[in-house]
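**Q** Fold the stuff below for me.
(one chain, ligands or ions: 1)
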Amino acid sequence: MPTAHAQAFWTDRFLEYDFGPFHPFSERSRGLAVRLLKDVLSSSGSGVLAWSHSVPVAERSTLETFHRPEYLEFVERASGLENEVLLDAGDTPSFRGCYESAARLVQGAVDALDFTVEHRRPAFHPAGGLHHAHPGRASGFCIFNDVAVAVARGLKGGHRVAYVDIDAHHGDGVMYGFYDSGRVLDIDFHQDGRTLFPGTGFPHEVGRNDGAGLKANIPLPPGAGDEALLPIFRRVVPPLLRWFRPDVIVLQHGVDGHFGDELARLQYSPAAYAEIDHTILSLAEELTDGRLLVTGGGGYRPESVSRVLARTGLILAGVSEPEVDAPVPAAWRDAFTATFGSEAPRRWQDPVSLEPTPWTPDDERSLIGQLEAKLGERFPAP
Ligand SMILES: [Zn+2]
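**A** Next comes the predicted model:
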């Protein structure tokens, strides 16, 4: 069997991170992404993606590389209760075993980071990307911040880390967590914080002390889609990464910017995600000798989350992607319906039907101008 091109981390125990049937966040969507990815890879018969199915609960000392001891004790107490308590201002309830299930997601990110640092091949952690949790509090469905612990792990190993976040929500836990760090470049695309949780991530937030000039925030208005995201991504991300010269790249690959998402109002298409995946992968080959961790993130429409993350896994595995109108495997459709009780998509992509975009070329000029002024960089049009 040939050496696998990439490694994915998934155990069904990640499904235990479960706020109940009426909560919008569900790892079941990520489980269906894994199922689709496996179904496609098994039919292609190649060993291009290895799997790690055994992920333990992270040790307390691992969690403490980002989280405060008193917060970990608070979550541990709540985790032992039968009845739920709120872990933040209202979006993130506790549940029995929440400490262990959240800590297992953290270990998934740590194992994936360690893998890519050691083996210089892409690592994929579709269940992770819980980027809102802060050192001392839960936030936005995120109890522990797996991706921040992975960044901290990279720093501890002496590495410079580039963190790119394409979730519809600003990755506040990660950005503020490393706001002073001169060894973390943070580039975050998201729906404008004036219109969406958590209400942060503006171009003037560029970092502090050693971190000054290393945090780039790109807010987009509700209704913006590929026409807004991709030109700015192409202008900003490659030059900033080439200038920073990271040792490892971490991509938080939330899918809630996809058109039709239940919680956000952006309109990205699957093609935009695929372009970003290919770009980041080639930047990792160019700059970090292949060291790349890709996590999941938000995403509240299972049909979108499962197919987009499965396609990302195929890209990381280096196999040819299905055509957008190709049918998805019948067995996967059955699994989807058994999980969600609704009809599964028939093809890899739905017909794209978008609302008119509010985005104009003037908006791009204005946003690029703000980024150039605040970061002291130039981002010429290609
Ligand atoms: Zn999100």
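**Q** Count the neighbours of the residue lying closest to F144 once chain neighbours are set aside for me.
**A** Counting by C-beta to C-beta, 6 or more residues apart in numbering, F144 lies nearest to A102, which is 4.3 Å off, once chain neighbours are set aside. To be clear about C-beta, it is placed using only N, CA and C from the backbone, and glycine gets the same treatment. A102: 27 surrounding residues under other C-beta atoms under 10 Å.
**Q** Also S306?
**A** By other C-beta under 10 Å, 31 other residues sit near S306.
**Q** pLDDT wise, what is it at?
**A** pLDDT, S306: 98.
**Q** Check which helix or strand it maps to.
**A** Counting by DSSP states H and E, the element that carries S306 is helix 302-317.
**Q** Is the residue of the stretch 251-382 of the chain found nearest the ion in a helix, a strand, or coil?
**A** As assessed by C-beta to the ion, the ion sits closest to G298 within the stretch 251-382 of the chain, at 2.5 Å. Following DSSP: H, G, I helix; E, B strand; the rest coil, we place G298 in the coil state.
**Q** my read: R60 touches V75, true?
**A** No - R60 lies out of contact with V75 (C-beta atoms under 8 Å); the separation is 11.1 Å.
**Q** Tally up the residues packed near P382, please.
**A** Neighbour count of P382, defined by other C-beta under 10 Å: 7.
**Q** Please name the nearest non-neighbouring residue to it.
**A** Leaving aside its chain neighbours, P382 sits nearest to R234 (6.4 Å; criterion: C-beta to C-beta, 6+ apart).
**Q** give the contact list for the nearest residue to G80 once chain neighbours are set aside.
**A** Nearest non-adjacent residue to G80, counting by C-beta to C-beta, 6+ apart: R96, 7.4 Å away. By C-beta atoms under 8 Å, 6 or more residues apart in numbering, the residues touching R96 are S79, G80, L81, E82.
**Q** what number of residues lie near the third one?
**A** L81 sits with 12 neighbouring residues when counted by other C-beta under 10 Å.
**Q** Which residues outside the helix or strand hosting D334 are in contact with it?
**A** Element membership for D334 (DSSP H and E) is helix 330-340. Contacts with helix 330-340, where a contact means C-beta under 8 Å, 6+ apart, come from 28, 31-32, 35-36, 39, 302, 306, 342-346.
**Q** most surrounded residue in those?
**A** Counting neighbours by other C-beta under 10 Å, S306 comes out on top of the contacts of helix 330-340 with 31 neighbours.
**Q** Surely Y163 is within a strand?
**A** Yes - counting by three-state DSSP, Y163 falls inside a strand.
**Q** Touching, it and D186? I think so.
**A** Yes - contact between Y163 and D186 holds when scored by C-beta under 8 Å: they sit 4.9 Å apart.
**Q** Any chance you could list residues touching both of those two?
**A** Shared contacts of Y163 and D186, defined by C-beta under 8 Å, 6+ apart, comprise G171, V174, F178.
**Q** Is I187 located within a strand, as I assumed?
**A** Yes - using three-state DSSP, the assignment for I187 is a strand.
**Q** Quick check: the gap between it and F115.
**A** For I187, the distance to F115 equals 23 Å [C-beta to C-beta, to the nearest Å].
**Q** that older thread, give me the more crowded residue out of R60 and V75.
**A** For R60 versus V75, the count of surrounding residues by other C-beta under 10 Å is larger for V75: 21 against 14.
**Q** Phi and psi next, for that one.
**A** Torsion angles at V75 (phi, psi; degrees, to the nearest 10) stand at phi -70, psi -40.
**Q** okay, it: pLDDT?
**A** pLDDT, V75: 97.
**Q** shouldn't it be in contact with Y99?
**A** Yes - counting by C-beta under 8 Å, V75 touches Y99, with 5.0 Å between them.
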